[in-house]
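Chemist: quick one, structure for this:
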Amino acid sequence: MDILIIGGTRYFGKRLIGRLLEAGHHVTVINRGSSPAPEGTLSLVADRNDEKALEKAVGDRTFDVVVDQVCYTPRQAEIARRVFAGRTRRYVTTSTVEVYEYEDSAAPVAEDALDLAAVTVDTDLPWDDPEFLESHYGEGKRQAEAVFAAGADFAWSSVRVAHVLGGADDFTGRVAHYARRIRAGEPIAVPVVNRPATYVYVEEIAAFLAWAAEGEFTGPVNAHSHGPLTTADICAEIEEMTGGRTIFQEVEVGEVSPFSFSRSYAMTNSRAENLGYRFSHSSEWLRKALSETLAAEVES
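Modeler: Reported below is the predicted structural model:
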């Protein structure tokens, strides 16, 4: 298949591209040119926010599938819907568990917990403001999904990705945050009621996205490993690997540490598994994922 990747040449995007190439697909990557496209791909350069530039870069090329790794706003979704009309038969967006930020269910949430038809799309919001975009990450993704769901000239699916762990190239600094505090015996701020969340190993989400690109299903699908994790689960593994001591400090108001949540953040992956994908259990990879990231921290 001819597959176009928009953005996403780092972290699990890099791994996705590698898997698609290994499977024999022809892969084209389009980004702003700030990072080189992986070897074996065709590179196109354009700012996906500039509709004319994006259309010019794509030209008369057509693709079996487009995997959009960097669609964060409804404006970007509307541009993509116009530019790729007639240029692809299938469009897969990488979304996030954050689209469920208004849900707080004791039971893991399914895809239909979010009614995309009821989402208000507002392209006039300051989506170009980095601070606004960062603080409205889930809302931007939710509205972007709603734009595609309202109708497009191609089959559309979104992969709602859980919190990702693993890899020496984890650039978030979240695991390092815990490791530093555990080694030093410094307090780790958590909410008074600290809920579990669903996670996925970096290699597994890359594999799932490759599977989704090759699939035919449409609509949103949750992607995560079995076995929700708590802050305590993650810290216990880090403590065993690094030494030190985990000290939780419960806070009612104020900023808490990453991977700590005052509301439930668990999804169900039943739809993906009913479609034929089989996820691992977090216990199978948690130690490996954390050790990869911590080893890279030590080396740096």
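
Chemist: burial measure for A295, as a count.
Modeler: 12 (other Cβ atoms under 10 Å). All C-beta spots, glycine's among them, are computed from the backbone N, C-alpha and C.

Chemist: the helix or strand hosting it - contacts with which helices or strands?
Modeler: Using DSSP states H and E, A295 sits within helix 282-299. Counting contacts by 3 or more Cβ pairs under 8 Å, 6 or more residues apart in numbering; DSSP states H and E, helix 282-299 is packed against strand 163-165, helix 174-184, strand 199-201, helix 202-214, helix 231-242.

Chemist: and among the ones you listed, the most buried is which?
Modeler: With neighbours defined as mean count of other Cβ atoms under 10 Å, those peak in mean count at strand 199-201, which reaches a mean of 26.

Chemist: that strand: partners in the sheet, and parallel or antiparallel?
Modeler: strand 163-165 (parallel) (DSSP bridges).

Chemist: low-confidence regions, the protein specifically.
Modeler: Residue ranges of the chain with pLDDT under 70: 298-300.

Chemist: ok, the residue lying closest to R174 once chain neighbours are set aside - how many residues close by?
Modeler: Residue nearest to R174 in three dimensions, not counting chain neighbours: P258, with 4.0 Å by Cβ to Cβ, 6 or more residues apart in numbering. Residues lying near P258 (other Cβ under 10 Å) number 15.

Chemist: tell me the SS of P258?
Modeler: With DSSP: H, G, I helix; E, B strand; the rest coil as the basis, P258 sits in coil.

Chemist: how much space separates it from K288?
Modeler: In this structure, P258 and K288 are 20 Å apart, going by Cβ to Cβ, to the nearest Å.

Chemist: what does E186 give?
Modeler: 26 Å.

Chemist: give the other helices and strands that the longest strand seen in the chain contacts.
Modeler: Assignment by DSSP state E gives strand 88-96 as the longest strand of the chain. Judged by 3+ Cβ pairs under 8 Å, 6+ apart, strand 88-96 is in contact with strand 63-68, helix 137-149, strand 155-161, helix 202-214.

Chemist: relative to I5, which of the ones you listed is closest?
Modeler: strand 63-68 (5.2 Å; Cβ to Cβ).

Chemist: confirm that G167 sits in a strand.
Modeler: No. Applying three-state DSSP, one finds G167 to be coil, outside a strand.

Chemist: nearest spatial neighbour of it, skipping sequence neighbours?
Modeler: Excluding its sequence neighbours, the residue lying closest to G167 (Cβ to Cβ, 6+ apart) is V202, at 4.4 Å.

Chemist: pretty sure the one you found sits against L16.
Modeler: No. Counting by Cβ atoms under 8 Å, L16 is not a contact partner of V202; they are 10.3 Å apart.

Chemist: could you double-check that L114 sits in contact with Y100?
Modeler: Yes. Using Cβ under 8 Å, L114 is in contact with Y100, at 6.3 Å.

Chemist: ok, V190 touching Q249?
Modeler: Yes. Here V190 reaches Q249: they are 7.1 Å apart, a contact under Cβ under 8 Å.

Chemist: mind checking which of those two has more residues around it?
Modeler: Neighbours per residue, other Cβ under 10 Å: of V190 and Q249, the larger number sits with V190, 21 against 11.

Chemist: bridge partners for that one, pull those for me.
Modeler: The partner residues for V190, given DSSP bridges, come to E250.

Chemist: so who does it touch?
Modeler: Shown in contact with V190 (Cβ atoms under 8 Å, 6 or more residues apart in numbering): T231, F248, Q249, E250, V251, V256, S257, S260.

Chemist: dump those residues into JSON lines; add distance to T88 as well.
Modeler: Below are these laid out as JSON lines (distance: Cβ to Cβ, whole Å):
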{"residue": "T231", "distance to T88": "41"}
{"residue": "F248", "distance to T88": "48"}
{"residue": "Q249", "distance to T88": "50"}
{"residue": "E250", "distance to T88": "49"}
{"residue": "V251", "distance to T88": "47"}
{"residue": "V256", "distance to T88": "41"}
{"residue": "S257", "distance to T88": "41"}
{"residue": "S260", "distance to T88": "40"}
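
Chemist: nearest to R195, of those?
Modeler: S260 (8.5 Å).

Chemist: verify the contact between that closest one and T231 for me.
Modeler: Yes. Under the criterion of Cβ under 8 Å, S260 makes contact with T231 at 4.5 Å.

Chemist: who touches both of these two?
Modeler: With Cβ under 8 Å, 6+ apart as the test, S260 and T231 both reach I188, V190, N194.

Chemist: closest to T242 among those residues?
Modeler: I188 (13.4 Å).
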